[in-house]
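1. I'd like to go over a predicted model; first the sequence, then the structure.
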Amino acid sequence: MIVGAQAPASAGTSLLLEVSDLVKHYITSSGTVRAVDGVSLTIGEGEVLGLVGESGCGKSTLGRTIMGLERADSGSVRLNGTDLIGLSRRRLRSHRRHVQMIFQDPFGSLNPRSNVQRLLTEPFEVHGIGTRAQRRQWATELLQRVGLRPEHGFRYPHEFSGGQRQRISIARAIALQPKLVVCDEAVSALDVSVQAQIVNLLRSLQREAGLAYLFISHDLGVVGHLADQIAVMYLGSIVEIGPKSSILRGPLHPYTKALFSAVPGLSATPRNAAEERKPALAGEPPSPLNPPSGCRFHTRCPFAVDRCRNDPPSLRAVAPRHKVACHLV
């Protein structure tokens, strides 16, 4: 049975995804946009990596490049040891069933001309799995797994609320039993009460099927609830990454501290009086068309010194699985 649950995997038991020095630039009439500029990260089986940062920092582009929806300029994306970058379309298709995506807009990502049953049977058709009767049965089971009723399969996307449409998107994403699901702002377009329902559904499916998530969000509260690891992205680069407990207990990069200070109760470590007097996060991010030299955050950092303005910091380990790119740490 295709739709049955997989055996759960303990977080971090083995490496599922390894992204190394991934680069994605866009050539425009105004210059080169450095959307993703040398990103490296890993996700273990059954693990949730929360990717956070301000709008425009490159989070969604990173997710789309990992998925293969954007072609990387360089670097590697290894899924279970196989580098997906540069694979032929035929070989990539066989690996694509293991990594799926949930988009921010559940209406725009669903074909309005197809009913829900058609939307959910299509992945099986594309990969040549099952008979027509089996696919319909699996579609019904998928609806039930995400909290919808079998009769919903005969309706069209416009007949559902935003939360219900996102449940349909989730059902389609898990149809082929992927090992990794990229969630690109999957709850940001929903009401707060509906967000909680969808986050609980994602957590339930993760535990049931051993799914790993790359959870991209600007909502630090949601990430703090769902993630096992947190990666902080700024202007195309990862500036801090590590276990959730380590980062919440003691964020090290000034940008991470500033982000978390804006969310009351998120950090497990209260700021001291000196930190309270610092502005949470001043100014706007520089343009990715012309990023600053040295540390890209130095133009907004209250602690920057001359070295920060000239010498780009490398992402280095400061504790088990906890890395930070800052000269002052």
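-> Received, thanks.

2. buried set for stretch 30-50?
-> Within stretch 30-50, the residues scored as buried using 16 or more other C-beta atoms under 10 Å are 33-50. For glycine as for every other residue, the C-beta is placed from the backbone atoms N, C-alpha and C.

3. Run the chain-centre distance for that stretch.
-> 9 Å (C-alpha atoms, centre = their mean, to the nearest Å).

4. pLDDT averaged over that stretch - what is it?
-> Averaging pLDDT along stretch 30-50 gives 95.

5. helix, strand or coil for the closest residue to residue 299 other than its chain neighbours?
-> If the residues on either side of it in the chain are set aside, residue 299 comes closest to residue 292, at 5.2 Å by C-beta to C-beta, 6 or more residues apart in numbering. With DSSP: H, G, I helix; E, B strand; the rest coil as the basis, residue 292 sits in coil.

6. Show me what the helix or strand containing residue 205 is packed up against.
-> Using DSSP states H and E, residue 205 maps to helix 192-209. On a contact count with 3 or more C-beta pairs under 8 Å, 6 or more residues apart in numbering; DSSP states H and E, helix 192-209 meets helix 162-174, strand 212-216, helix 220-226.

7. list the buried ones in it?
-> Result for helix 192-209 [16+ other C-beta under 10 Å]: buried residues 194, 195, 197, 198, 199, 201, 202, 205, 206, 209.

8. Out of the residues you listed, which two sit at the greatest distance?
-> Across those, the longest distance by C-beta to C-beta is 22.2 Å; it joins 194 and 209.

9. Show me the shaky parts of this protein.
-> 1-13, 264-281 (pLDDT under 70).

10. how about the helices in it?
-> 59-67, 89-96, 116-126, 132-145, 162-174, 192-209, 220-226, 244-249, 254-261, 273-277, 306-310 (DSSP state H).

11. Contacts for the fourth one next, please.
-> In this case it means helix 132-145. Residues from elsewhere that reach helix 132-145, judged by C-beta atoms under 8 Å, 6 or more residues apart in numbering: 1-3, 116-117, 120-121, 124-125, 129-130, 149-150, 152-153, 168, 171-172, 174-175, 205.

12. The same query, at a cut-off of 7 Å, please.
-> 2-3, 117, 120-121, 124-125, 130, 149-150, 152-153, 171, 175 (C-beta atoms under 7 Å, 6 or more residues apart in numbering).
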